[in-house]
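Novice: Let me see the structure of the following:
(chains A and B)
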Amino acid sequence: MTGVLAAERLTKQFAKDDQAIVALREFSLTVEEGSFVTVLGRSGCGKSTMLNLLAGLTEPSDGAVTYRGRKLSGPDIDIGYLTQSDTLMPWRDVQRNVEMPLEIRGVRAEERRGTAAELLERVGLKGFEKHYPRELSGGMRRRASLARMLAGTPRTLLMDEPFGALDAQLRTELQEELLRLWQGSGQTVVFVTHDIEEALLLGDRIVVLGQLGRVVADREVGLERPRTLDTLRVDPAFVELHTAMAAALKEGSS
Amino acid sequence: MTEQLVSPGRQTSAGGPVRIPVERTWWQRHGRTTTVWALRLLLVTVLLAGWQMTAGSLFDITFTSKPSAIAGRLGEWSADGTLWTHSLVTIQEIVYGFLLGAVAGAVVGFVLASLQLAYRVIDPFMMALYSIPKVALAPLFIVWFGIGMHMKVLLAAATVFFLVFLNTAAGVREVDRGLVDAVRLMGGSRKDIALKVVLPSSMTGVLTGLKVAIPYALIGAVIGELVASNQGLGYLINDAAAQFDTAGVFATLVVLSVIAAVLNVLVGLIGRRVNRWKPVEARG
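Specialist: Next comes the predicted model:
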């Protein structure tokens, strides 16, 4: 079995004066094509560091990231990354933000406009094309970020607690929309979260990280799709997984 | 039709701020502004009237002159063309000096701040040069460029340059790393990052620099004229003061403040255009 995205013994240290802070130690992970992998871990376990490495934004101190058989040496437009914080350009309106990946690729203006309009409709932002990010609510900014990432047509998506800052209802809504957008797209997703329910609701496979990115559990989530939180909560299989993951999280942090 | 495609519940979550038209009377719309302007007018009238009435009794008009005499002098100068020729010279110096200094400051600031190492090397030298009182450069500039217009333009430019440079550099260095990374993830080159992130992001800094620099362009030009010249408003002040013509000095000061006010309005207009994307409360 070979994965589309593989991390081999990744180590990342941040040098500070004569000391180095270790954020991640010998982390290995292989992600299969078309799968939805959720990575579960508590704050400070190196989740974001790991994603930054997988996205090619930072260089590992040791080890390597392989993407489709090639060693990753920098950001790749085939990998989309939805970060925890909003990185929409505040001086561009929603439409021009979504067009940006295409603009950089040199796609013609009319074509860009068409793609952006279609994506904005898909994420439910039709009618807000001319709004600036600061005029939107947090949930709408997330949708716009999602649309911008999808505009680059990446085959692999990395998401770093994308719905962490939203209220519970909005989060459920966006989770369902994400599943709707992903299903049948064939895209590979690595989704980082600290929320067990979210991890189980979304993932095909769940990886629990302990300190310094030690993998404490790695399990397939056999729950049937489509899933909704309401039906999952009373499913014995879900309850069993939930308990196991909670135990793994606890073990990882000790 | 599109409404049906939207899943239930989305309307509320994607709604954002709700905007509704509000009926307002003329007074609700402009009342505040009208009041402010009326009070300003009142303040000026009271001050001028007080000055006019006390002139000669409380103060010696040889030293403080009086508004009517100043107005008379302005009318006189305006009629014989003195006002226009000298103002024109000073305005030219300000505009050329400002443009030269601002363009140089913005370009050098942008380029230098983008080069980490070069910036660290040069920063202390820039700060040292910035701290020199620009008046102290006037004698040197006279030696280099003579007492003509060039010297005033360059003196104004030297002042403007540092202010715009420092603010631009600060703007460039405060660019959000997250935005830069976002462009890198889109496959953007260094050029894309510079043009699509750093440039727009540093605009706030550039504009602050421009705004702060405007009065200094005026100061630079007028100081140059005061030190050595035979035309311009600075020369006019010197000339009037030498003849103990305080009305003439005040008249020139009035003209200078009018010029400054007009320049400020201009920069305000650019600022509004560039900062459209900012939330209302953050607009300068």
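
Novice: Roughly how far does the residue of the stretch 151-254 of chain A found nearest chain B sit from residue A:141?
Specialist: Closest residue of the stretch 151-254 of chain A to chain B, CB to the nearest CB: residue A:170 (5.4 Å). C-betas here are computed from N, CA, C, even on glycine. Separation of residue A:170 from residue A:141 (CB to CB, to the nearest Å): 11 Å.

Novice: how about the helices in the stretch 1-150 of chain B?
Specialist: B:2-5, B:10-13, B:26-54, B:61-64, B:67-80, B:82-114, B:116-131, B:138-145, B:149-173 (DSSP state H, counting those that start in this stretch).

Novice: For chain A, find the nearest of those.
Specialist: Taking CB to the nearest CB, helix B:10-13 is the member of the helices of the stretch 1-150 of chain B nearest to chain A, at 4.9 Å.

Novice: Got phi/psi on the residue most central in space within chain A?
Specialist: Compute the mean C-alpha point of chain A, and by CA atoms, centre = their mean the closest residue is residue A:159, 1.2 Å away. Dihedral angles of residue A:159 (phi, psi; degrees, to the nearest 10) stand at phi -130, psi 130.

Novice: and what of residue A:219?
Specialist: Dihedral angles for residue A:219 - degrees, to the nearest 10 - are phi -130, psi 150.

Novice: near chain A, which residues of the stretch 101-250 of chain B show up?
Specialist: B:176, B:178-179, B:181-188, B:192, B:196-197, B:200-201, B:203 (CB under 8 Å from any CB of the partner chain).

Novice: Name the nearest residue to the residue of the stretch 151-254 of chain A closest to chain B, sequence neighbours excluded.
Specialist: Excluding its sequence neighbours, the residue lying closest to residue A:170 (CB to CB, 6 or more residues apart in numbering or on different chains) is residue A:139, at 4.6 Å.

Novice: Which residues does the helix or strand where the one you found lies contact?
Specialist: In this structure, residue A:139 sits in helix A:138-151 according to DSSP states H and E. Contacts to helix A:138-151, defined as CB atoms under 8 Å, 6 or more residues apart in numbering or on different chains, come from residues A:80-82, A:86-88, A:94, A:97-102, A:115-116, A:119-120, A:122-125, A:128, A:133, A:136, A:157, A:162-163, A:165-166, A:170, A:173-174, A:178, A:181, B:13-14, B:16.

Novice: Quick one, which of these are buried?
Specialist: A:80-82, A:86-88, A:94, A:97-102, A:115-116, A:119-120, A:122-125, A:128, A:133, A:136, A:157, A:162-163, A:166, A:170, A:173-174, A:178, A:181, B:13-14, B:16 (16 or more other CB atoms under 10 Å in any protein chain shown).

Novice: Take those and keep only those in helices.
Specialist: A:94, A:97-102, A:115-116, A:119-120, A:122, A:170, A:173-174, A:178, A:181, B:13 (DSSP state H).

Novice: I'd like to know how far the spatially closest residue to residue A:165 that is not a sequence neighbour sits from residue B:167.
Specialist: Sequence neighbours aside, residue A:138 is the residue nearest to residue A:165 in space, at 6.1 Å (criterion: CB to CB, 6+ apart). Per CB to CB, residue A:138 is found 31 Å from residue B:167.

Novice: Let me see the backbone angles for residue A:31.
Specialist: phi -110, psi 130.

Novice: I'd say it and residue A:50 touch.
Specialist: No - with contact defined as CB atoms under 8 Å, residue A:31 does not reach residue A:50; the gap is 11.7 Å.

Novice: Flag every buried residue along the longest helix seen in chain A.
Specialist: Using DSSP H, we find that the single longest helix of chain A is helix A:236-253. Applying a neighbour-count criterion of 16+ other CB under 10 Å, one finds A:238, A:241-242, A:245, A:248-249, A:252 buried in helix A:236-253.

Novice: same for that helix, what does it pack against?
Specialist: strand A:36-41, helix A:196-202, strand A:205-209, strand A:215-220 (3 or more CB pairs under 8 Å, 6 or more residues apart in numbering or on different chains; DSSP states H and E).

Novice: now these in CSV, with distance to residue B:41, mean pLDDT and mean neighbour count?
Specialist: Listed next are the helices and strands packed on helix A:236-253 as CSV, based on distance: least, CB to CB, whole Å; pLDDT from 0 to 100; neighbours: other CB atoms under 10 Å in any protein chain shown:
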stretch, distance to residue B:41, mean pLDDT, mean neighbour count
strand A:36-41, 66, 92, 26
helix A:196-202, 62, 91, 22
strand A:205-209, 69, 92, 23
strand A:215-220, 75, 90, 16
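
Novice: of all these, which lies closest to residue B:129?
Specialist: Among those, the nearest to residue B:129 by CB to CB is strand A:36-41 (51.3 Å).

Novice: Could you tell me the angle between that closest one and strand A:205-209?
Specialist: Per axes from the mean of the first three to the mean of the last three CA atoms, to 10 degrees, the angle that strand A:36-41 makes with strand A:205-209 is 20 degrees.

Novice: and the angle from whichever helix or strand comes after strand A:36-41 to strand A:205-209?
Specialist: Using DSSP H and E, the next helix or strand after strand A:36-41 towards the C-terminus is helix A:47-54. Between the axes of helix A:47-54 and strand A:205-209, defined by the same axes, to 10 degrees, the angle is 120 degrees.

Novice: Off-centre distance for the following helix or strand past helix A:47-54?
Specialist: Next along the chain after helix A:47-54, taking DSSP H and E as the criterion, comes strand A:62-67. Here the centre of strand A:62-67 is set off from its chain's centre by 18 Å, with CA atoms, centre = their mean, to the nearest Å.

Novice: Strand A:62-67 pairs with which strands, and in what direction?
Specialist: Using DSSP bridges, strand A:62-67 pairs in its sheet with strand A:5-16 (antiparallel), strand A:70-71 (antiparallel).

Novice: residues of it that come out buried?
Specialist: In strand A:62-67, counting by 16+ other CB under 10 Å, buried: A:63, A:65-67.
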